[in-house]
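*Asks:* Got a sequence here, can you build the structure:
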Amino acid sequence: MTTGVKELAIKALGLIGDARPTQLYLESIPIRPLRVYAMEALAKIKDVEVLRPHKELFDRLRGDRDGLVAYNAGLIADKLDALAGAALHAQEGTDRHE
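*Replies:* Residues are numbered from 1 along each chain as shown. Model prediction:
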């Protein structure tokens, strides 16, 4: 698959917000012409929990020199942090009621 075709595929799949092509997006991050589209697609995934195993990557990419990559990495990392905080808060509430 050429870069142009991958670019179109990533753009189209990213609009859906489906987590199934996550591996394709992750593999596209190192490819300069695809990295922004891959990060935008990752940021649109509705089931953010599937990205938790890659949290360290998103934390590193927050400092990327490409502003759109850094911005989208920050969005993803913040969503994961918020979900972790909400889960911890819910767990604490459950512990108090027992």
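
*Asks:* Leaving out chain neighbours, which residue sits closest to the residue nearest in space to the middle of the chain?
*Replies:* Nearest to the geometric centre of the chain sits residue 42, at 3.8 Å (C-alpha atoms, centre = their mean). For residue 42, ignoring the flanking residues on the chain, the nearest one in space by C-beta to C-beta, 6 or more residues apart in numbering is residue 25 at 5.0 Å. All C-beta atoms are positioned from the backbone trio N, CA, C, and that covers glycine.

*Asks:* Check residue 22 too.
*Replies:* Closest residue in space to residue 22, ignoring its immediate chain neighbours: residue 50 at 5.8 Å, by C-beta to C-beta, 6+ apart.

*Asks:* One more: residue 59?
*Replies:* residue 77 (5.4 Å).

*Asks:* what's the answer for residue 55, then?
*Replies:* Distance criterion C-beta to C-beta, 6+ apart; nearest residue to residue 55, sequence neighbours excluded, is residue 80 at 5.3 Å.

*Asks:* I figured residue 46 was touching residue 17, is that so?
*Replies:* Yes. If you go by C-beta atoms under 8 Å, residue 46 and residue 17 touch, sitting 4.5 Å apart.

*Asks:* ok, the two, which is more surrounded?
*Replies:* residue 17 (12 against 9; other C-beta atoms under 10 Å).

*Asks:* Tell me who's in contact with that one.
*Replies:* Applying C-beta atoms under 8 Å, 6 or more residues apart in numbering, we find residue 17 in contact with 44-46.

*Asks:* Try it again at 10 Å.
*Replies:* With contacts defined as C-beta atoms under 10 Å, 6 or more residues apart in numbering, residue 17 is in contact with 41, 43-47.

*Asks:* can these go into JSON lines with extra columns for distance to residue 54 and pLDDT?
*Replies:* As requested, the contacts of residue 17 are arranged in JSON lines below (distance: C-beta to C-beta, whole Å; pLDDT from 0 to 100):
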{"residue": "41", "distance to residue 54": "13", "pLDDT": "97"}
{"residue": "43", "distance to residue 54": "12", "pLDDT": "97"}
{"residue": "44", "distance to residue 54": "15", "pLDDT": "96"}
{"residue": "45", "distance to residue 54": "11", "pLDDT": "96"}
{"residue": "46", "distance to residue 54": "16", "pLDDT": "93"}
{"residue": "47", "distance to residue 54": "13", "pLDDT": "93"}
